[in-house]
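1. Kindly return the folded structure for what I paste below:
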Amino acid sequence: MHVLVIDVGGTNVKVLATGQRQRRKFPSGPELTPEGMVEKVKATTKDWDYDVVSIGYPGPVDTGRPVAEPRNLAKGWIGFDFVRAFGCPVKVINDAAMQALGSYQGGKMLFLGLGTGLGSSAVVNGKVGPFELGSLPYKKGTYEDYVSRRRLEHRGRKKWSQDVAEVVAHMIHALRPDDVVLGGGNAKKLTQLPKGCRLGSNLNAFIGGFRMWEEPAKNKAQNRNRVRWQKEESRRQEKKNLA
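-> Just a heads-up that it's a prediction; the model follows:
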């Protein structure tokens, strides 16, 4: 079974399919509708084969359906028929939950995604559950306000990193996880990793998307291939950063 994984972000939509080595992407933003997303995904992956689709959605999801409109995209996502639009089975999950599932190594893991906003999720004994911790009140706003991309641009990397460390400390104190992963596009911009955390990778969102269709303890060969792909992609990104 070939899986197409779609990671919908506030800045870009990234895609990868079973058997492919390199992800593709296109810009998202406040004018992106679900119809537009599907159209652009089909155009971007027209030479790829897939049987099913996994979607990481930037907002709350209940029983496989978005239950709130995304903050950084256009409206129209609630009630949209993704199965009909793609013409194949589709599973939708919160984007942070998808990346968390791909980052999971055991125990009780807390995932915090530092991107346009703040994504959050937990995986306990292999079962993933999304949170909306970013919307909780904090100081003069919400937790998301203090770790968002806008905050990073306003405060600079050093002060923003201190804000992130403070927020993470609150989360760890309240939830007592065994493992904390910081992912999302801005996690790599931290000047110092907060105590008790490990750095995740946006690439793990694709691993999570593939895992959504797998049975436990199955498809070991596919897992090895994805680990190999992840290492190769990481090396490509390192070379690009050094160039």
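2. tell me which residues in stretch 135-146 are buried?
-> Buried residues in stretch 135-146, counted by 16 or more other C-beta atoms under 10 Å: 135, 138, 142-146. All C-beta spots, glycine's among them, are computed from the backbone N, C-alpha and C.
3. And these, which two are furthest apart?
-> Ser135 and Tyr146 (12.4 Å; C-beta to C-beta).
4. Overlap in contacts, the two.
-> When C-beta atoms under 8 Å, 6 or more residues apart in numbering defines a contact, no residue borders Ser135 and Tyr146 alike.
5. Quick one: list the elements packing against the one helix or strand Val13 maps to.
-> According to DSSP states H and E, Val13 maps onto strand 12-17. When contacts are defined as 3 or more C-beta pairs under 8 Å, 6 or more residues apart in numbering; DSSP states H and E, strand 12-17 sits against strand 3-8, strand 24-27, helix 34-44, helix 204-211.
6. possible to save those as a markdown table with distance to Val164, mean pLDDT and mean neighbour count?
-> Formatted as a markdown table, the helices and strands packed on strand 12-17 follow (distance: least, C-beta to C-beta, whole Å; pLDDT from 0 to 100; neighbours: other C-beta atoms under 10 Å):
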| stretch | distance to Val164 | mean pLDDT | mean neighbour count |
| --- | --- | --- | --- |
| strand 3-8 | 21 | 98 | 26 |
| strand 24-27 | 25 | 98 | 13 |
| helix 34-44 | 29 | 98 | 16 |
| helix 204-211 | 19 | 96 | 26 |
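7. Of the ones you listed, give the one that comes closest to Ala97.
-> Checking the helices and strands packed on strand 12-17 against Ala97 by C-beta to C-beta gives helix 204-211 as the closest, at 7.6 Å.
8. quick one: the closest one to chain centroid distance?
-> 9 Å (C-alpha atoms, centre = their mean, to the nearest Å).
9. cool, and stretch 156-163?
-> Distance of stretch 156-163 from its chain centroid, counting by C-alpha atoms, centre = their mean, is 22 Å.
10. who touches it?
-> With C-beta under 8 Å, 6+ apart as the test, stretch 156-163 has contacts from 146-147, 151-152, 155, 189-192.
11. about what we covered before: go through the helices and strands packed on strand 12-17 and name the closest to Val52.
-> Nearest to Val52, of the helices and strands packed on strand 12-17 and by C-beta to C-beta, is strand 3-8 at 5.5 Å.
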